[in-house]
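# got a sequence here, can you build the structure:
(one chain, ligands or ions: 1)
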Amino acid sequence: MPTKPSTIRGLIGAAERELAAGPHSERARMDAELLMLHMLGKDRAWLMTHLKDEFPCDLIRRYGELLLQRYNGEPIQYITGETEFYGLPFRVTPDVLIPRPETEHLVEKVLALAANFLAPRIVDVGTGSGCIAIALAHKLPHAAVTAIDLSAAALAVAEENAKRNGVAIRFLEGDLLTPVADERFEIVVSNPPYVPATDRATLAVEVREYEPSLALFAGDDGLEVYRRLIHAAFDALIPGGFVVLEIGCGQSAAITELLARSGFEQIEFVPDLQGISRVACAQRPI
Ligand SMILES: C[S@@+](CC[C@H](N)C(=O)[O-])C[C@H]1O[C@@H](n2cnc3c(N)ncnc32)[C@H](O)[C@@H]1O
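Reported below is the predicted structural model:
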């Protein structure tokens with residue numbers, strides 16, 4: 001008769017087999033380990049030397065609950081409440097989009113442009129977890145960074161993340177750039193919602209069922225927010241200032257048209273690691 005695994009290694013192995021039957025079989029082992037570490041409050045280095053330890057019986061039920069959440073498709077970052085962006089730690093809850101690695105290209109582009117200014121005023125529109133604004137404030141101690149979101153719940157998470165990472169950011173609640181209508185900036189940056197609402201069914205269960213709709217969808221063509229934002233960004237920038245936007249796959253032609261129509265020049269795109277145009281950048285004429 002098979003006996004129940006009683007070591008940490010045995011439990012992780014059993015969990016891996018369960019998760020392998022779920023929606024993300026390719027990362028079953030990694031998730032089984034991450035959930036174990038999260039529950040025990042330990043790190044990977046600890047795990048390497050404790051695989052043969054006896055697993056505490058009283059935690060078996062809790063581990064099973066975490067595995068079930070993951071098996072049902074809940075993102076690992078929401079279960080653990082933690083993620084990393086630009087080498088910094090972030091708390092994430094279902095009120096905020098989980099920061100994506102490709103958004104680091106957006107940060108890179110803003111950092112390069114910020115070098116043109118002594119003490120740039122930068123505004124991040126749709127800050128979510130605060131990842132972009134916080135990474136920028138961390139790297140640019142002389143910049144004045146403002147972060148805006150329509151969601152008060154997202155802003156609460158972003159404020160907590162700013163504190164945690166030791167950066168000072170002005171957080172404002174409101175629609176796009178309306179909370180700073182009377183101000184001017186050197187750089188407007190945004191990773192706005194850009195998924196066409198008609199694509200909802202094609203999204204992975206993790207995204208579709210767990211991430212906030214407000215962070216994802218922008219009308220039937222995915223361009224609804226850009227249409228208003230690009231226009232507002234032009235007015236918010238000083239002459240010679242830059243707008244830097246994350247864009248969705250296949251949106252570069254439409255974004256070029258929107259930017260040009262609003263009066264922007266020097267329009268360029270930065271590809272991601274797959275070669276997809278991921279970041280749009282343009283300058284308000286001097
Ligand atoms: C794609 S998420 C990006 C979050 C974060 N900046 C990141 O890169 O992970 C878009 C964010 O925009 C916010 N948002 C959506 N519509 C908005 C609006 N009209 N005004 C301000 N923020 C908005 C959402 O609440 C969400 O936090």
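
# would stretch 95-106 count as contacting the ligand?
Yes - applying CB under 6 Å from any ligand atom, one finds stretch 95-106 touching the ligand at 97, 99, 103. Just so you know, the C-beta spots here come from the backbone N, C-alpha and C atoms, and that holds for glycine as well.

# also stretch 173-184?
Yes - judged by CB under 6 Å from any ligand atom, stretch 173-184 and the ligand are in contact via 175, 176.

# buried ones in that stretch?
For stretch 173-184, the neighbour count (16 or more other CB atoms under 10 Å) marks 176, 177, 179, 180 as buried.

# mind putting the residues of stretch 95-106 next to the ligand into JSON lines with distance to residue 48, secondary structure and neighbour count?
Compiled in JSON lines, the residues of stretch 95-106 next to the ligand are given as follows (distance: CB to CB, whole Å; DSSP: H, G, I helix; E, B strand; the rest coil; neighbours: other CB atoms under 10 Å):
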{"residue": "97", "distance to residue 48": "32", "secondary structure": "coil", "neighbour count": "21"}
{"residue": "99", "distance to residue 48": "27", "secondary structure": "coil", "neighbour count": "25"}
{"residue": "103", "distance to residue 48": "31", "secondary structure": "helix", "neighbour count": "21"}
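
# any residues of this protein in contact with the ligand? List them.
Residues of the chain found near the ligand (CB under 6 Å from any ligand atom) are 97, 99, 103, 125-129, 131-132, 148-151, 154, 175-176, 191-193, 214-215, 225.

# in a markdown table: the residues of stretch 95-106 next to the ligand, plus distance to residue 65.
A markdown table is the format used below for these (distance: CB to CB, whole Å):
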| residue | distance to residue 65 |
| --- | --- |
| 97 | 25 |
| 99 | 26 |
| 103 | 31 |
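
# between the buried residues of stretch 173-184, which sits nearest the ligand?
Set against the ligand, the nearest of the buried residues of stretch 173-184 by CB to the nearest ligand atom is residue 176 (4.5 Å).

# is that closest one in contact with residue 125, as I believe?
Yes - using CB atoms under 8 Å, residue 176 is in contact with residue 125, at 5.7 Å.

# list the buried ones in whichever strand or helix holds residue 156?
Using DSSP states H and E, residue 156 sits in helix 152-164. Across helix 152-164, burial judged by 16+ other CB under 10 Å covers 154, 155, 156, 157, 158, 161, 162.

# the residue lying closest to residue 271 once chain neighbours are set aside - how many residues pack around it?
Leaving out its chain neighbours, the residue that sits closest to residue 271 by CB to CB, 6 or more residues apart in numbering is residue 277, at 5.8 Å. The number of residues packed near residue 277 is 19, by other CB atoms under 10 Å.

# for residue 277, give me phi and psi.
The phi and psi values for residue 277, taken as degrees, to the nearest 10, are phi -60, psi 120.

# which other residues reach the longest strand along the chain?
Counting residues, the longest strand in the chain under DSSP state E turns out to be strand 237-246. Residues from elsewhere that reach strand 237-246 (CB atoms under 8 Å, 6 or more residues apart in numbering): 102-103, 105-106, 109-110, 113, 184-192, 194, 226, 229-230, 233-234, 255, 259, 264, 278-286.

# stretch 262-274 now?
102, 105, 108-109, 230-231, 233-234, 243, 247, 252, 256, 259-260, 277-285.

# where exactly do the strands run in the stretch 1-150 of the chain?
Using DSSP state E, counting those that start in this stretch, the strands of the stretch 1-150 of the chain run over residues 82-85, 88-91, 121-125, 144-149.
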